[in-house]
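K.L.:
Give me coordinates for this.
(one chain, ligands or ions: 1)
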Amino acid sequence: MSFNLLKGKKGIIFGALDERSIAWRTALRCHDEGAQLVLSNAPVALRMGEINKLGETVKAPVIGADVVNMEDLKKLFEESMKHFGGGIDFILHSIGMSLNMRKGKHYTEIDYSFNQKTLDISAMSLHRILRTAWDMDALNEWGSVVGLSYIASQRVFPDYNEMADAKALLESVTRSFGYYYGLKKKVRVNTISQSPVRTMAGSGVKGFDAFFSYAEKMSPLGNATADECAAYCASLFSDLTRMVTMQNLFHDGGFSFTGITETIINQMEK
Ligand SMILES: NC(=O)c1ccc[n+]([C@@H]2O[C@H](COP(=O)([O-])OP(=O)(O)OC[C@H]3O[C@@H](n4cnc5c(N)ncnc54)[C@H](O)[C@@H]3O)[C@@H](O)[C@H]2O)c1
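P.N.:
All right, here's what the predicted structure looks like:
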């Protein structure tokens, strides 16, 4: 069901890799809600070709940008503003990558040059995107920027490795830049702390299936799906949530505030 929540709004969606991606689902939802879109991903992801299918479906140009390259970002914003014929109303940052995880390095023995890259791609990229928009005055008043986080930023989930630190940094950039952008232009910046979802990035986490089924059993509503996350993103891009900023918003079926559930107790007693 669509509510036309984003009629007339224009947004950039970062991070649609394949149809399971949270960004992919969000692009479809924002399109259904009446938004005009530009899609972006790293040049290497573009070469996989999948994103062009999404571009056709949501009638959006696909513009490559490596989020750690300021020239790429500047070009992306210039081309997007040209395409829209003006400013941008919302941005989805749906980007994450851990080099140490990919190389199978344990948290206690991470490689620090990999770690810098991980923090840059997964967290400081939000700063880079906001900074580019700030310098170019690309975001309209009451614009909305959403990043995706995970509860490992606040509690220990051993196999989440260095991404826990990346998410803590992402949430901090959200608060700090959100403060300045709110003052400057009433732009709001938030993160959504999402349930586990079977995506390329999600499945890269060691023991993901156990993560997923544990969270499902620990959440009174069950795990939130990517489509449900997309709907929540659309609500945050809309004018219905104008006064929400600098927040980390849990979208996890109640997982974050549940101590234990009967399902888990019954399982422990077996
Ligand atoms: N899947 C989960 O369980 C889950 C749960 C909570 C939060 N998240 C977060 O959601 C976001 C999206 O992940 P997803 O699960 O949809 O997986 P995904 O693998 O589909 O998306 C990750 C995206 O990041 C992009 N990316 C990586 N390096 C980049 C770079 N240098 N420049 C530009 N883009 C780059 C990838 O190309 C990919 O499109 C991530 O921040 C992830 O941490 C995921």
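
K.L.:
which SSE is the residue in the stretch 101-250 of the chain positioned nearest to the ligand in?
P.N.:
Shortest the stretch 101-250 of the chain-to-the ligand distance, computed as Cβ to the nearest ligand atom: residue-wise this is G202, at 2.8 Å. Bear in mind the C-beta positions are built from the backbone N, C-alpha and C, glycine included. G202 belongs to helix 200-203 when elements are defined using DSSP states H and E.

K.L.:
any low-confidence regions in the stretch 151-270 of the chain?
P.N.:
Residues of the stretch 151-270 of the chain meeting the criterion pLDDT under 70: none.

K.L.:
Kindly report the same for the stretch 1-150 of the chain.
P.N.:
Along the stretch 1-150 of the chain, the model assigns pLDDT under 70 to no residue.

K.L.:
Which positions in it make contact with the ligand?
P.N.:
Within reach of the ligand by Cβ under 6 Å from any ligand atom, the stretch 1-150 of the chain has these residues: 15, 17, 21-23, 41-42, 45, 66-68, 94-97, 121, 148, 150.

K.L.:
Which of the residues you listed fall in strands?
P.N.:
Counted as lying in strands by DSSP state E, out of those, are 41, 148.

K.L.:
What subset of the residues of the stretch 1-150 of the chain next to the ligand is buried?
P.N.:
Neighbour-count burial (16 or more other Cβ atoms under 10 Å) is assigned, among these, to 15, 17, 21-23, 41-42, 45, 66-67, 94-97, 121, 148, 150.

K.L.:
Just list the residues touching R188, thanks.
P.N.:
142-145, 178, 181-182, 241-242, 244-246 (Cβ atoms under 8 Å, 6 or more residues apart in numbering).

K.L.:
Quickly list what it is bridged to.
P.N.:
According to DSSP bridges, the partner residues bridging R188 are S144.

K.L.:
so S256 sits in a helix?
P.N.:
Yes - assigned with DSSP: H, G, I helix; E, B strand; the rest coil, S256 falls within a helix.

K.L.:
residues contacting it?
P.N.:
Neighbouring residues of S256 by Cβ under 8 Å, 6+ apart: 151, 193, 250.
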